[in-house]
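Engineer: Got a sequence here, can you build the structure:
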Amino acid sequence: MAATPQNSAAPRRKVSRHRGEGQWAAGHLTPLNGNEQFKKDDDGLNVRTRIETIYSKRGFDSIDPNDLRGRMRWWGLYTQRKPGIDGGKTAILEPEELDDEYFMLRVRIDGGRLTTRQLRVIGEISQEFARGTADITDRQNVQYHWIRIEDVPEIWNRLEAVGLSTTEACGDTPRVILGSPVAGIAEDEIIDATPAIEEIHRRVIGNKAYSNLPRKFKTAISGSPLLDVAHEINDVAFVGVVHPEHGPGFDLWVGGGLSTNPKIGQRLGAWVPLDEVPDVHEGVISIFRDYGYRRLRTRARLKFLVADWGAEKFRQVLEDEYLHRKLIDGPAPAQPVERWRDHVGVHRQRDGRYYVGFAPRVGRVDGTTLTKIADLAETHGSGRVRTTVEQKMIVLDVEETQLDSLVEGLEALDLTVRPSSFRRGTMACTGIEFCKLAIVETKARGSSLIDELERRIPDFDEPITININGCPNACARIQVADIGLKGQLVLDDKGQQVEGFQVHLGGALGLEAGFGRKVRGLKVTSEELPDYIERVLKRFQAEREEGERFATWAARASEEALS
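Structural biologist: Modelled structure (predicted):
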């Protein structure tokens, strides 16, 4: 057969070359997207020097775009949403059109542990630099808004003077380490994880060996039988258990996470003693760094690698390549006996004193309130306070003779120790007020919803979680709430596009953890929300079996009952 001439018009087959998933361990070191490129160009931790020496002196317009929308997150800074932009434009406008010249600044509070001195400084910074804003997040942090770049160095100085920081509070980094807020004091605690949290923080935070991860990396560690750190939805979690031969230690979980592709973490079946937790944590985060998917941001979380590998392979790689030893097989954690895991109320400590948990409205407080909480805690406790993963706070070490006075002082600040189920169980993300990703308003909506439900169903006393999110990203954990509300634009009865929510029903953590059910076509406008929730909860009250939880009822209820 004659060869085809080189100038022939015969079609050529396009040769494509699969680039893999961008795993460093597979040799895929070439950046495959803009985020990977700016991280390769300069480590995010290095931006602090530019903030201190250039941007804070020359102002917002001097900030390099890759620093503004990228590396500044390594120091807890996000630009906030420009006021007046409605949710319909969130996905349409360019980043520079959404950016305000102010920042959200996140203070990391590992283990939720604060002294009253630290809390007072947080409150003072809020009043002086953040227009009074200071939200408690569902990851035990505090978030400011309205921060000017010119003020950031002074804010850092004040935080660091009392042992706090914003280091890696955001970005593709090891985020805040969640811990039981009653570690070391609860009567029923299996094991105190505080030493492990402190050692992990010392080894990992600010360490450039771990400052360029494929995406964020979330850690949770708790020795509480209440399972009080949402371990099922973290990248790595250590859950307190008692081994029949070796005693108290931790059960190891990996690969949990929510957002638009939620996954419950997987048990590796391994028991880890307290002193080995930091080593195992470093092994897991190193696997994520080396094998994590960097090609597509949508697949760059650890949960996708764990889903592809499976628990058995993940454990084998951890043991063989990183720990160089076998882990001990161990038992699963027991189901918690309590339905609430937020530590709200008055509880006896192991030393005979008490801790007192209270409920701000959907995590929203302000600087003045925080300084008053610090005053109350100093007067009635030992000077220790805690934040929780449910947007709550706790005062520790209260003598019995001081309880009534403390409770009275908190109630005067609208920080109730005996909240209704609605006040206790409603959580909300930042929402469109400040977040550039949001589509709908959340905080004020959640607060007004609490008032409406307390008025309409005053006798409702079952544990119920109502989680309100301003977009699909699930910062408020909508998929694992009894009633999860995902913000979106919907049509009202006049055919007008308005703020509303897609509804998820029957999600849960702890007791039979799983994701909520979506009823086909079930969307509710913001204005209809109180009517809808009242209707569903009254049906639950009428139809539930003895002792049945809302999540169990929602799983078996008809679509008509849930509509």
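Engineer: what number of residues lie near residue 450?
Structural biologist: 23 (other C-beta atoms under 10 Å). Quick note: C-beta positions are derived from backbone N, CA and C, even for glycine.
Engineer: Just say helix, strand or coil for it.
Structural biologist: Assigned with DSSP: H, G, I helix; E, B strand; the rest coil, residue 450 falls in the helix class.
Engineer: how about it, what does it touch?
Structural biologist: 361-362, 420, 422-423, 426 (C-beta atoms under 8 Å, 6 or more residues apart in numbering).
Engineer: 6 Å instead, please
Structural biologist: 422-423, 426 (C-beta atoms under 6 Å, 6 or more residues apart in numbering).
Engineer: which one of those residues is nearest residue 85?
Structural biologist: The closest of those to residue 85 turns out to be residue 426 (C-beta to C-beta; 25.9 Å).
Engineer: looking at it, that closest one is touching residue 466, isn't it?
Structural biologist: Yes: counting by C-beta atoms under 6 Å, residue 466 is a contact partner of residue 426 at 4.6 Å.
Engineer: mind putting the contacts of residue 450 in a markdown table, pLDDT and neighbour count included?
Structural biologist: Converted to a markdown table, the contacts of residue 450 look like this (pLDDT from 0 to 100; neighbours: other C-beta atoms under 10 Å):
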| residue | pLDDT | neighbour count |
| --- | --- | --- |
| 422 | 98 | 23 |
| 423 | 98 | 20 |
| 426 | 98 | 28 |
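Engineer: Go through those and flag which are in strands.
Structural biologist: Those of the contacts of residue 450 mapping onto strands are residue 426, per DSSP state E.
Engineer: Sort out which residues of stretch 37-52 are buried, please.
Structural biologist: 38-39, 44-45, 47-48, 50-51 (16 or more other C-beta atoms under 10 Å).
Engineer: what does stretch 458-477 give?
Structural biologist: Neighbour count says stretch 458-477 has 460, 463-471, 473-477 buried, by 16+ other C-beta under 10 Å.
Engineer: farthest pair in those residues?
Structural biologist: 460 and 473 (29.4 Å).
Engineer: Checking the residue nearest to residue 88 when sequence neighbours are not counted next. Helix, strand or coil?
Structural biologist: Leaving aside its sequence neighbours, residue 88 sits nearest to residue 489 (C-beta to C-beta, 6 or more residues apart in numbering; 5.9 Å). At residue 489 the chain is in strand, as set by three-state DSSP.
Engineer: And for residue 489, the neighbour number?
Structural biologist: 16.
Engineer: Pretty sure residue 135 sits against residue 143.
Structural biologist: Yes: Residue 135 lies in contact with residue 143 (C-beta under 6 Å); the separation is 4.7 Å.
Engineer: Any stretches of the stretch 251-400 of the chain with poor pLDDT?
Structural biologist: The model of the stretch 251-400 of the chain has no residue with pLDDT under 70.
Engineer: can you map out the strands along it?
Structural biologist: For the stretch 251-400 of the chain, the strands defined by DSSP state E, counting those that start in this stretch cover 266-272, 328-329, 345-348, 354-358, 364-366, 384-387, 393-398.
Engineer: list the contacts for residue 224?
Structural biologist: Counting by C-beta under 6 Å, 6+ apart, residue 224 has contacts 180, 189.
Engineer: rerun at 8 Å
Structural biologist: 180, 182-183, 186, 188-190, 240.
Engineer: Could you grab the helix/strand/coil label for the nearest residue to residue 26 once chain neighbours are set aside?
Structural biologist: The spatial neighbour of residue 26 that comes closest, neighbours along the chain excluded (C-beta to C-beta, 6+ apart), is residue 20 at 5.6 Å. Under three-state DSSP, residue 20 falls in the coil class.
Engineer: Got phi/psi on the residue positioned nearest the centre of the chain?
Structural biologist: Central residue check for the chain by C-alpha atoms, centre = their mean: the C-alpha nearest the mean position is that of residue 139, 4.3 Å away. Main-chain torsions, residue 139, degrees, to the nearest 10: phi -120, psi 30.
Engineer: Can you give me the neighbour number for residue 548?
Structural biologist: Around residue 548 there are 13 residues (other C-beta under 10 Å).
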